[in-house]
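# Here is a sequence with its predicted model. Questions after.
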Amino acid sequence: MKDEIRDLLDKAAESVDAGRILLAADHPGFAVGRGYYAMFYAAEALLASKGLRFRKHAGVHAALGEHFSKTGILNPKYHRWLLEAFAARIQGDYAVDVRISSDDACTVLSRAEEFLGATRKSLDTMESG
């Protein structure tokens with residue numbers, strides 16, 4: 001596995017850990033952001049495995065759908081979760097009239113952990129196949 005991919009996976013795991021700390025400190029809006037970034041870094045790792053890099057979030061979102069969800073390499077639910085977490089992150093970071101619940105943050109973080117696990121499994125399969 002290339003160093004770049006390993007570094008992205010490490011960063012994704014660290015983001016989940018940071019999200020759990022933020023949630024425990026009763027900051028669910030910011031915890032959602034860390035959950036989103038965990039998924040985002042995992043998506044970047046997948047794309048990097050195909051030599052693909054993007055400068056914008058929308059590029060990563062679209063390419064994940066095109067190269068991994070539509071092809072069946074990755075369950076399409078992970079693409080949907082990434083997009084849902086992005087919307088929640090925007091609310092958590094910028095909305096002042098919307099509160100992210102602890103339950104919602106816990107869901108995003110649990111999904112991020114599962115997404116990361118599926119990413120590792122997909123990368124291992126691609127390497128061995």
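Thanks, I have the structure now.
# what helix or strand does the most centrally placed residue in the chain sit in?
In the chain, the C-alpha nearest the mean C-alpha coordinate belongs to Met39, at 0.5 Å (CA atoms, centre = their mean). Element membership of Met39 [criterion: DSSP states H and E] is helix 28-48.
# and after that helix, which helix or strand comes next?
Past helix 28-48, the next helix or strand by DSSP H and E is helix 57-64.
# Please point out which parts of that next one sit buried.
The neighbour-count check on helix 57-64 (16 or more other CB atoms under 10 Å) flags Val60, His61, Ala63, Leu64 as buried. For glycine as for every other residue, the C-beta is placed from the backbone atoms N, C-alpha and C.
# Could you list the low-pLDDT ranges of this protein?
Scanning the chain for pLDDT under 70 picks out 129.
# Kindly calculate the angle that the longest helix along it makes with helix 28-48.
Criterion DSSP state H: the longest helix present in the chain is helix 102-128. Using axes from the mean of the first three to the mean of the last three CA atoms, to 10 degrees, the inter-axis angle of helix 102-128 relative to helix 28-48 is 10 degrees.
# Run the chain-centre distance for helix 102-128.
Mean-position distance between helix 102-128 and its chain equals 7 Å (CA atoms, centre = their mean, to the nearest Å).
# Counting by contacts, list what it packs against.
Counting by 3 or more CB pairs under 8 Å, 6 or more residues apart in numbering; DSSP states H and E, the packing neighbours recorded for helix 102-128 are helix 3-24, helix 28-48, helix 76-94.
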